[in-house]
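1. what's the 3D shape of this:
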Amino acid sequence: MGKLALTAKITHVPSMYMSELPGPRQGFRQAAIDGHHEISRRCRELGVDTIVVFDTHWLVNANYHVLCGPHFEGVYTSNELPHFISNMPYAFPGNPELGKLLAEECNRFNVETMAHHATTLAPEYGTLVPMRYMNQDQHFKVVSVSALCTSHYLADSARLGWAMRKAVEDHYDGTVAFLASGSLSHRFAQNGQAPDFATKVWSPFLETLDHRVVQMWQDGEWEAFCGMLPEYAAKGHGEGFMHDTAMLLGALGWSDYDGKAEVVTPYFGSSGTGQINAIFPVTPQDGGAIPAAQAANPAAVVPTSRL
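-> Got it, this is the predicted structure:
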């Protein structure tokens with residue numbers, strides 16, 4: 001029925017918002033903003049009606065959660081970085097129908113998931129920042145998925161991604177994009193040193209590790225990458241324990257994925273963290289079963305409680 005048309009791993013650094021404002025940082029995140037504009041352009045060309053964001057700023061301690069109210073509007077100030085994002089307005093439509101379908105299919109795949117369509121819960125900035133640049137005209141409906149998962153297995157997040165693709169393809173009458181909103185390495189600069197690391201990665205080790213991962217994505221080394229993801233999430237300080245990345249790769253077929261990533265905003269440092277905008281082409285997958293690597297015992301994948 002429906003179609004998953006585009007997937008991407010994207011940045012949501014709050015300095016993108018600062019880049020709009022008059023001052024010494026004005027314009028310094030234009031490449032990241034341009035990358036968001038390009039992803040938006042491609043979604044429009046592909047006929048996408050709804051963007052589903054795997055948001056690593058939405059912290060949850062139990063279950064997976066889908067935010068799918070009919071409309072979202074407000075003024076946002078970050079509790080983490082109020083000096084970066086302050087009084088930022090936002091507005092966009094939601095998609096309760098799709099959100100419910102996503103949660104229902106995840107539960108059918110034995111991943112406990114709850115849809116929230118009648119709620120005062122507001123999106124986090126892992127969703128709000130990208131939508132500011134991709135969806136300022138409210139062209140797309142938006143659904144947000146919790147991806148800062150403190151007590152969850154990465155294998156379950158991969159299973160969730162696959163289930164959500166099945167929900168779109170088997171039960172939804174429309175065209176959807178999945179965006180994994182989170183960094184690569186996510187080791188912030190030590191307090192007091194942040195200005196010195198505004199455009200840098202915290203350590204040569206983390207930067208080298210990130211560059212190797214990006215090369216693996218571009219070369220299609222998915223079996224190797226999926227195998228190292230739990231350890232990369234731990235030793236690379238992955239944002240949200242990299243559950244957004246597991247969800248994204250799950251939707252694409254996990255280690256069976258045969259596409260190659262296209263970088264639309266080259267890797268860059270931000271406050272010590274490693275960032276990128278990269279599109280992962282959606283390729284056909286066997287619709288009959290969960291990919292073998294995802295069907296394995298979840299305990300075989302390091303739980304985030306140990307990361």
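
2. and the helices in the protein?
-> Remark: helices assigned in the chain by DSSP state H are 15-20, 30-45, 96-108, 125-134, 154-171, 204-219, 222-235, 243-252, 292-295.

3. which residues of this structure score low on pLDDT?
-> Where the chain drops to pLDDT under 70, the residues are 287-307.

4. who does whichever strand in it runs longest touch, helix- and strand-wise?
-> Ordering each strand of the chain by length in residues (DSSP state E) puts strand 50-60 first. With contacts defined as 3 or more CB pairs under 8 Å, 6 or more residues apart in numbering; DSSP states H and E, the packing partners of strand 50-60 are helix 96-108, helix 125-134, strand 141-149, strand 175-181, helix 243-252. No exception for glycine: its C-beta is placed from N, CA and C like everyone else's.

5. what does the fourth one contact?
-> Translated: strand 175-181. 2-12, 39, 43, 46-57, 98, 126-127, 130, 147, 161, 164-165, 168, 244-245, 247-248, 251 (CB atoms under 8 Å, 6 or more residues apart in numbering).

6. just the buried residues of those residues.
-> 2-12, 39, 43, 48-57, 98, 126-127, 130, 147, 161, 164-165, 168, 244-245, 247-248, 251 (16 or more other CB atoms under 10 Å).

7. roughly how far apart are Gly274 and Ala167?
-> Distance, Gly274 to Ala167, using CB to CB, to the nearest Å: 31 Å.

8. same check, this time on Met1
-> 10 Å.

9. which of the two has more neighbours?
-> Ala167 (26 against 10; other CB atoms under 10 Å).

10. neighbours of the residue nearest to the more buried one when sequence neighbours are not counted, how many?
-> Closest residue to Ala167 apart from its sequence neighbours, by CB to CB, 6 or more residues apart in numbering: Glu105 at 3.6 Å. Burial of Glu105 is recorded as 23 neighbouring residues (other CB under 10 Å).

11. thought Glu105 was touching Gly161?
-> No - using CB atoms under 8 Å as the test, Glu105 is too far from Gly161 to be in contact (11.1 Å).

12. hang on, the earlier thing: for Gln26, which of the helices and strands packed on strand 50-60 is the nearest?
-> With respect to Gln26, and counting by CB to CB, the nearest of the helices and strands packed on strand 50-60 is helix 125-134 at 15.5 Å.

13. ends of stretch 15-27, how far apart?
-> Stretch 15-27 stretches 10 Å from its first residue to its last (CA to CA, to the nearest Å).

14. what residues does that stretch touch?
-> Here stretch 15-27 makes contact (CB under 8 Å, 6+ apart) with 28-30, 32-33, 36, 84-85, 88, 129, 132-133, 198, 270-271.

15. just the buried residues of the residues you listed.
-> 28-29, 32-33, 36, 84-85, 88, 129, 132-133, 198, 270-271.

16. nearest to Tyr172 among the residues you listed?
-> His36 (24.2 Å).

17. now for that closest one: which residues touch it?
-> 10, 16, 130, 133-134, 277.

18. which residues sit in contact with the closest residue to Asn135 other than its chain neighbours?
-> Leaving aside its sequence neighbours, Asn135 sits nearest to Phe92 (CB to CB, 6+ apart; 5.4 Å). Contacts for Phe92 (CB under 8 Å, 6+ apart) come out as 71-73, 131, 135, 138, 140-142.

19. can I assume Lys166 is in contact with Glu105?
-> Yes - between Lys166 and Glu105 there is a contact at 5.5 Å, judged by CB under 8 Å.
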